[in-house]
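# following is a predicted model, sequence given first.
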Amino acid sequence: MKLLFINGVNLNMTGVREKSVYGTQTLDEINGDIAAHFKGDECEFFQSNSEGDICTKIHSAQNGGYDGIVLNAGAFTHYSYAIRDAIACISVPVIEVHMSNVHSREPFRRTSVISEVCKGVICGFGKNSYILAGESFKL
Ligand code: DQA
């Protein structure tokens, strides 16, 4: 399996920001745990705070031989029609993930403009949200 893990805006601050919500591990540490879990697979990790860079990365996956993309778009989830359309541009399946349970938080987090074009949505399991999403591509 070749998997692409994309993290969006502010996810580079994981381990520093709102530790009670997102935990104390850094994104590099979380990515290390994900890579260890998928040790028999090929994993690539990408993070950007730029909406356009995330769209370009999603486009590039079309011809990259990926089996699936695990995308935590961060707050872009809630309003980025550009990322929504980028997902719709490609045939590689994308799973939307969130570390926190977005349905138990502020009302604005219950809106996702990308769910409609994603294969599925996983939220609320911390770093295991990424692992559960990656595993689902093997089912
Ligand atoms: C998040 C949830 C989003 O609402 C928030 O803006 C984030 C992180 C999560 O992983 O729980 O930045 O996607």
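Happy to help now that I have it.
# can you pull the residues of the protein lying near the ligand?
10, 72, 74-75, 77, 98-100, 102, 109 (C-beta under 6 Å from any ligand atom). Glycine gets a C-beta too; all of them are placed from N, C-alpha and C.
# same thing but at 8 Å, please
Proximity of the chain to the ligand (C-beta under 8 Å from any ligand atom) is limited to residues 8-11, 21-22, 72-78, 97-102, 105, 108-109, 123, 129.
# tell me how far Lys39 lies from the ligand.
As for Lys39, its distance to the ligand is 24 Å (criterion: C-beta to the nearest ligand atom, to the nearest Å).
# repeat for Gln25
13 Å.
# what's the burial count for the closest residue in space to that residue that isn't next to it in sequence?
Excluding the flanking residues, the one nearest Gln25 by C-beta to C-beta, 6 or more residues apart in numbering is Gly15, at 5.3 Å. Using other C-beta atoms under 10 Å, Gly15 has 15 other residues around it.
# would you confirm that Gly15 contacts Asn31?
No - the pair Gly15 / Asn31 is not scored as a contact, 11.5 Å apart, by C-beta atoms under 8 Å.
# so for the spatially closest residue to Ser91 that is not a sequence neighbour, what's the pLDDT?
In this structure, Ser91 finds its nearest non-sequential neighbour in Gln62, 6.9 Å apart by C-beta to C-beta, 6+ apart. For Gln62, the pLDDT comes out at 97.
# hang on, the earlier thing: among the residues of the chain next to the ligand, name the ones in strands.
Judged by DSSP state E, the subset of these located in strands is 8-9, 72-74, 97-98, 123.
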